[in-house]
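# structure, please.
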Amino acid sequence: MTPRVALRTPASCYGHAGSVTSVAFSPGGRQLASGSQDLTLRLWDTATGQCTLTLKDHTDRVTSVAFSPDGQQLASGTVQQLQLTAQLQLVAGHTEVVRSVAFSPDGRQLASGSGDSTLRLWDTATGQSTATLKGHTKPVTSVTYSPGGRQLASGSWDKTLRLWDAAMAGQCTVAQEGHMMRVTSVAFSPDGRQLASGSGDSTLRLWDTATGQCTATLKGHTSCVTSVAFSPDGRQLASGSMDETLRLWDTATGQCTATLRGHTKEVTSVAFSPDGRQLASGSGDSTLRLWSAATAGQCTATLEPHPA
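Residues are numbered from 1 along each chain as shown. Below you'll find the model as predicted:
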């Protein structure tokens with residue numbers, strides 16, 4: 001079956017019944033989206049911690065979620081599907097699982113990374129694929145646009161990061177090695193000058209996007225780093241890991257400033273709220289957690305399955 005990506009315009013709700021694979025804040029920060037192995041995508045009110053919407057259109061596990069810049073659309077990638085929709089328009093494309101999706105800053109493009117080792121660029125107005133980006137030799141695990149939208153970064157099981165020119169039909173401009181194991185997550189700093197990466201080698205790395213050089217290696221996790229995210233002011237970097245913890249890092253010094261514990265299984269996804277005050281995490285324990293980024297990562301809410 002052809003993997004697809006779903007674009008949804010923002011149906012009571014209990015919590016997820018399977019591993020939470022991806023979390024994303026809405027641009028205004030009032031909503032949190034989560035995708036899960038239970039085949040659903042859920043929306044949560046960040047003020048109350050209540051689930052406000054459950055989308056059950058997917059027929060396989062949801063692997064990635066992303067809000068459009070205007071907050072009017074939500075994209076999700078799955079194992080079985082790749083679909084674009086405000087009108088639920090199905091589009092063929094990748095031949096393997098869609099592992100990551102990301103909107104361009106202007107919302108006109110959607111990028112997807114797949115187990116078929118390629119990235120694809122999509123026109124969000126038509127749902128058509130505009131470019132296929134080839135270069136990685138193993139599954140693409142993470143894709144993200146630079147703040148200005150001119151660059152696209154990707155990470156892969158082939159242990160490399162790549163930078164692509166988003167305007168030049170996805171021409172690869174940098175291919176960088178450094179990690180000893182697969183790259184699981186990539187994120188641009190708010191000013192676009194740095195790229196963070198997480199890896200199966202238990203480290204995070206910071207890269208200079210102008211030169212492609214690694215500027216720092218951050219060590220502390222004891223297992224695979226699954227997700228990385230910059231705070232909106234660029235001063236903090238958050239990471240989630242298979243070691244069941246989140247960590248906060250000072251991007252100027254590379255020092256770990258806090259270790260956040262609470263999840264009982266691997267942390268699969270982390271995301272900062274637009275105002276930088278909250279940090280969201282998803283986990284294999286089927287819960288989402290909200291943490292205060294200002295108070296050494298104090299957990300402020302646990303969003304979990306409703307008891308039967």
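# pLDDT below threshold where in this protein?
1-14, 58-59, 79-92, 169, 296-297, 305-308 (pLDDT under 70).
# isn't residue 258 right up against residue 245?
No: using Cβ atoms under 8 Å, residue 258 makes no contact with residue 245, being 9.9 Å away. C-beta here means a position set from N, CA and C on the backbone, and glycine is covered the same way.
# quick one, which of these two is more surrounded?
Set residue 258 next to residue 245 and count neighbours by other Cβ atoms under 10 Å: residue 245 wins out with 22 against 19.
# contacting residues for that one?
221, 259-261, 263, 267 (Cβ atoms under 8 Å, 6 or more residues apart in numbering).
# most neighbours among those residues, which one is it?
Result: residue 267 is most packed of these (other Cβ under 10 Å), 29 neighbours.
# give the contact list for the closest residue to that residue other than its chain neighbours.
Among residues not flanking residue 267 along the chain, residue 240 sits closest, at 3.3 Å (Cβ to Cβ, 6 or more residues apart in numbering). By Cβ under 8 Å, 6+ apart, the contact list for residue 240 reads 225-228, 246, 266-270, 281.
# tell me how far residue 240 lies from residue 263.
9 Å (Cβ to Cβ, to the nearest Å).
# for residue 78, give the beta-bridge partners.
In this entry, residue 78 is beta-bridged to residue 62, by DSSP bridges.
# tell me how far it lies from residue 38.
Relative to residue 38, residue 78 is positioned 12 Å away (Cβ to Cβ).
# of those two, who's got more company?
Set residue 78 next to residue 38 and count neighbours by other Cβ under 10 Å: residue 78 wins out with 25 against 21.
# pretty sure that one sits against residue 63.
Yes: between residue 78 and residue 63 there is a contact under Cβ under 8 Å: 6.0 Å.
# any residues in contact with both of the two?
Joint contacts of residue 78 and residue 63 (Cβ under 8 Å, 6+ apart) are 97-98.
# returning to that earlier point: identify the contacts common to residue 240 and residue 263.
The contact lists of residue 240 and residue 263 share 246, 281, where a contact means Cβ under 8 Å, 6+ apart.
# count the residues that sit near residue 105.
14.
# what does residue 208 give?
Neighbour tally, residue 208, other Cβ under 10 Å: 13.
# how close does the nearest residue to it once chain neighbours are set aside sit to residue 201?
Of all residues not flanking residue 208 in the chain, residue 215 sits nearest, at 5.4 Å (Cβ to Cβ, 6+ apart). For residue 215, the distance to residue 201 equals 17 Å [Cβ to Cβ].
# cool, and residue 275?
Relative to residue 201, and taking Cβ to Cβ, residue 275 is found at 32 Å.
# okay, these two: which has more neighbours?
Shown here are residue 275 and residue 201; by other Cβ under 10 Å, residue 201 has more neighbours (20 against 13).
# show me what contacts the more buried one?
By Cβ under 8 Å, 6+ apart, the contact set of residue 201 is 179-181, 224.
# dihedrals phi and psi, it?
phi -80, psi 10 (degrees, to the nearest 10).
# returning to what we had before: between residue 78 and residue 38, which contacts overlap?
In contact with both residue 78 and residue 38: residue 61, using Cβ under 8 Å, 6+ apart.
# near the spatially closest residue to residue 188 that is not a sequence neighbour, how many residues? Count them for me, please.
In this structure, residue 188 finds its nearest non-sequential neighbour in residue 146, 5.0 Å apart by Cβ to Cβ, 6+ apart. Using other Cβ under 10 Å, residue 146 has 20 other residues around it.
# tell me the phi and psi of residue 146?
Per-residue torsions, residue 146: phi -70, psi 160 (degrees, to the nearest 10).
# what separation do you get for it and residue 173?
Distance from residue 146 to residue 173, by Cβ to Cβ: 11 Å.
# pull the helix or strand residue 206 falls within out as CSV, backbone CA atoms only.
Per DSSP states H and E: residue 206 is located in strand 203-208. Taking C-alpha atoms only, strand 203-208 is exported to CSV below (Å, rounded to 0.1, in the frame of the first residue of the first chain):
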residue,chain,number,x,y,z
THR,A,203,24.2,12.3,21.8
LEU,A,204,23.0,15.6,20.4
ARG,A,205,25.1,17.7,18.1
LEU,A,206,25.0,21.3,17.1
TRP,A,207,25.9,22.3,13.6
ASP,A,208,26.8,25.6,11.9
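# what's in contact with that strand?
Looking at what lies outside strand 203-208 - Cβ under 8 Å, 6+ apart - the contacts are 161, 176, 178-179, 193-199, 213-219, 221, 225, 228, 237, 239, 249, 251, 254.
# quick one: strands adjacent to that strand?
When DSSP bridges is applied, strand 203-208 pairs with strand 194-199 (antiparallel), strand 214-219 (antiparallel).
# no further queries at this time; thank you.
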